[in-house]
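# what's the 3D shape of this:
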Amino acid sequence: MTTFMDPTLRGSGKITGVFFSAEQDVVAVASEFALLANPRARAAYGGRALRYRVALYRRGALAPFAAFDDLRLPVNDVAFHPDGTMLAIGAGIYDGGFLFEGDLIVWDWRHAHASRPFKHVPEVVRCRYNVAGNQVEAWVRPWDEEWGLPSDDPDAAFDTLYIVRATVPDTSSADFQPADLELDPTHIAPRDEPPADLRTPETRLMEWFGISHWTSRGAIKDVAWLDEDRFAVAHEGCLLEIYHRNGDRIAAYDGPGHGAEILRGAGVHVHVVETADHPASYGRQDSQLYTLTDDGLRQTRAYDGEFTFSATPQGALLGRQNRFRVAGARARDVLVDLVSGQEQQLDLGHFDCFNHYIGIRGAPWLFLLQGTPASSHEHKWLCIAQPDGTVRRLWPLLAPHRSPASHAMELCGCYVDDALGAGVVVCGKHYSPTVDNAYAGFLYRKPLDRNRELWRLPTRASASAIIHLPEANLIAAAFLDGGLQLIDAQTGVLRLDARVRLDGLPTLIMAMDAAGGTLLAGTVDGRIAVVEASALCARATDSRAEMPGMVDLD
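Sure thing, here's the model as predicted:
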């Protein structure tokens, strides 16, 4: 197995804060990991784990020795215990409408225990231990915009912090119970903001590590084998990178925007997204297609709006546009013959990022999803776009049971052609009308010519990537809870059901490709790994266990 590690801080996402111990020998790095919205014409969040992390590093080691991932809100402050074995983590955010949501955690990294002193707490802005280390103090915002504040000051909720204190809990005690928190309106924190450090967190870290520069890669958007020795990587740091499988970087291409998808059809093409400058569409991303040539990347097409693409090896390309309307613009899809250059603009029906992405690429046909009718997001069918722009419907994704669960969302799939014939593997989420229901998902294989499942498995989270490894007779499926499954392509038997680790810490695989029996994976923390599927299967202990085991890609 090979991992690819440019000089960079490993085990962290987008760095949001750095906090040093009193002795300056340990640093806590707070970071957040990107959601799967790649590009914005696709989105999947179901069952997502690993959103925020606090990781601990020592000088001279760019990989963390401990990390805390049980966080659901951004980290605002971290305080080291006087003896150095515990941290207080203050987190929270304004919900944008009324509430200040928060979290306060005491984490004993040495014994891998954590607890929350309070059942509920508003946004924690600052935290610290007392000198004795037996009490933690937090400065928090009010419960909401109107709690106990003068009605004639509209900004009071954002300008006022309250002091709360709690005895440091025994994080290893099974009898510990968090307390109810009552804010005292008289315990208002002084407005003594700490002096601002104008250096970025990355600059402060590099100075602490004694490094003059490093590579910041961010979440991997896509990966693709170019031949048996080279592969390409798309991420937010550039348009495209090319690596040798031994770990050497061969080329890197920069320019406006960043790479989002790598398409192989009559050559290699890169879908690049760039934030659009349209006053009526905040955060919109426009799309460009680049062609990889012997002289580098060459822009060949540009489109207004958010697209996702698929291509056949013969050179047919389909672009579906997210129906994110811009004033005066008409939503459209594109069908391109990459060999002749002929392009058709057409409307294949409604497309939104949660309902209509399917992600089947590299097949001899261009697959898409359509609702019934095509202007709808409900009662979706798997379809094929014909060269003349017409659509051939194959079969419905789920049987129409007239229940919310028959509505499929957050989909991902791959094409399969083996002894059982041509077919597709589809993974998705059963829609639930309530927010508190447990995640329910499905993974099945169907032939193209019949509406019949050859096998089906339940899933715990939405899939980030699914690929076929024909030489190994396996389907590899990566999930947003950090899971990786290797499945017998013909029988549906699980050969591996595991949680993925890199550097000994959990991670999420965001993109995959395969060459022979070799799996290429890109992760949410910017890592790239090449591993043999047979080696992963050999590590499986009980492939039918309800809870997965752990597998290291190191």
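# All the helices of the chain, residue numbers only.
156-159, 201-209, 533-539 (DSSP state H).
# what does the average pLDDT come to for the longest one?
When pLDDT is averaged along helix 201-209, the result is 91.
# For it, buried residues please.
If you call a residue buried by 16 or more other Cβ atoms under 10 Å, then helix 201-209 has these buried ones: 201, 204-206, 209. Heads up, the C-betas are built off the backbone N, CA and C, glycines and all.
# how about JSON lines for the residues you listed, with distance to residue 178 added?
Output for the buried residues of helix 201-209, formatted as JSON lines (distance: Cβ to Cβ, whole Å):
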{"residue": "201", "distance to residue 178": "30"}
{"residue": "204", "distance to residue 178": "33"}
{"residue": "205", "distance to residue 178": "33"}
{"residue": "206", "distance to residue 178": "38"}
{"residue": "209", "distance to residue 178": "37"}
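# Would you state the predicted confidence (pLDDT) at residue 532?
Reading off the model, residue 532 has pLDDT 91.
# measure it to residue 486 for me?
11 Å (Cβ to Cβ, to the nearest Å).
# Who has more neighbours out of these two?
Neighbour count, other Cβ atoms under 10 Å: between residue 532 and residue 486, residue 486 has more, with 25 against 14.
# Apart from its neighbours in sequence, what residue is nearest that one?
Distances taken as Cβ to Cβ, 6 or more residues apart in numbering place residue 496 nearest to residue 486, at 4.0 Å, with adjacent residues excluded.
# got a pLDDT number for the one you found?
Each residue has a pLDDT score; the one for residue 496 is 94.
# From here on, call the first residue 47.
Let's use 47 as the start, then, which means that last one is residue 542.
# quick one: it and residue 584 touch, right?
No: using Cβ atoms under 8 Å, residue 542 is not in contact with residue 584; the gap is 9.3 Å.
# With neighbour numbers in mind, choose between these two.
Neighbour count, other Cβ under 10 Å: between residue 542 and residue 584, residue 542 has more, with 22 against 10.
# rewinding a little: can you tell me which of the buried residues of helix 247-255 is closest to residue 422?
Set against residue 422, the nearest of these by Cβ to Cβ is residue 247 (45.5 Å).
# what sits against residue 122?
63, 136-138, 169-172 (Cβ atoms under 8 Å, 6 or more residues apart in numbering).
# Next one, pLDDT for residue 192 please.
You'll see residue 192 listed with a pLDDT of 84.
# tell me the two of the contacts of residue 122 that are most distant?
Every pair of these checked by Cβ to Cβ; the farthest is 63 and 169, at 14.8 Å.
# Just give the number of residues close to residue 467.
When neighbours are counted by other Cβ under 10 Å, residue 467 comes out with 12.
# nearest residue to it other than its sequence neighbours?
residue 493 (5.5 Å).
# Tell me if I'm right that that neighbour and residue 471 touch.
No: Residue 493 lies out of contact with residue 471 (Cβ under 8 Å); the separation is 11.3 Å.
# which one of the two has more residues nearby?
More crowded of residue 493 and residue 471, by other Cβ under 10 Å: residue 471, with 25 against 17.
# was I right about the more buried one contacting residue 491?
Yes: using Cβ under 8 Å, residue 471 is in contact with residue 491, at 4.9 Å.
# Mind listing the shared neighbours of those two?
What both residue 471 and residue 491 touch, as defined by Cβ under 8 Å, 6+ apart, is the set 462, 521, 535.
# which ones among those residues are found in strands?
Using DSSP state E, the subset of those located in strands is 462, 521.
# okay, the shared contacts of residue 471 and residue 491 in JSON lines with distance to residue 499 and neighbour count next?
Listed next are the shared contacts of residue 471 and residue 491 as JSON lines, based on distance: Cβ to Cβ, whole Å; neighbours: other Cβ atoms under 10 Å:
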{"residue": "462", "distance to residue 499": "13", "neighbour count": "23"}
{"residue": "521", "distance to residue 499": "14", "neighbour count": "24"}
{"residue": "535", "distance to residue 499": "14", "neighbour count": "26"}
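# is it possible to export the shared contacts of residue 471 and residue 491 to JSON lines including distance to residue 296?
What follows is the shared contacts of residue 471 and residue 491, written out as JSON lines (distance: Cβ to Cβ, whole Å):
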{"residue": "462", "distance to residue 296": "31"}
{"residue": "521", "distance to residue 296": "30"}
{"residue": "535", "distance to residue 296": "32"}
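# Tabulate the shared contacts of residue 471 and residue 491 in TSV, adding columns for pLDDT.
Shown next, in TSV, are those (pLDDT from 0 to 100):
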residue	pLDDT
462	98
521	97
535	97
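# Identify the residues contacting the closest residue to residue 130 other than its chain neighbours.
Spatial nearest neighbour of residue 130, chain neighbours left out: residue 67 (6.0 Å); criterion: Cβ to Cβ, 6+ apart. By Cβ under 8 Å, 6+ apart, the contact list for residue 67 reads 73-74, 126, 130.
# Extract the residue ranges of this protein that are flagged as low pLDDT.
Counting by pLDDT under 70, the chain contains low-confidence ranges at 47-53, 195-198, 217-219, 324-329, 370-375, 586-594, 600.
# hmm, try it at 50
Confidence mapping of the chain against pLDDT under 50 gives the ranges 47, 51, 588-592.
# Tell me how far the residue nearest to residue 453 when sequence neighbours are not counted lies from residue 406.
Once flanking residues are discounted, residue 453 sits nearest to residue 477: 3.8 Å by Cβ to Cβ, 6+ apart. According to Cβ to Cβ, residue 477 and residue 406 sit 21 Å apart.
# Comparing those two, which residue is more hemmed in?
Higher neighbour count among residue 477 and residue 406: residue 406, with 23 against 19, using other Cβ under 10 Å.
# if I look at that one, how far off is residue 354?
11 Å.
# for residue 514, same thing?
Using Cβ to Cβ, residue 514 is found at 20 Å from residue 354.
# Comparing the two, which residue is more hemmed in?
Each of residue 514 and residue 354 has its neighbours counted (other Cβ under 10 Å); residue 354 has more, 26 against 21.
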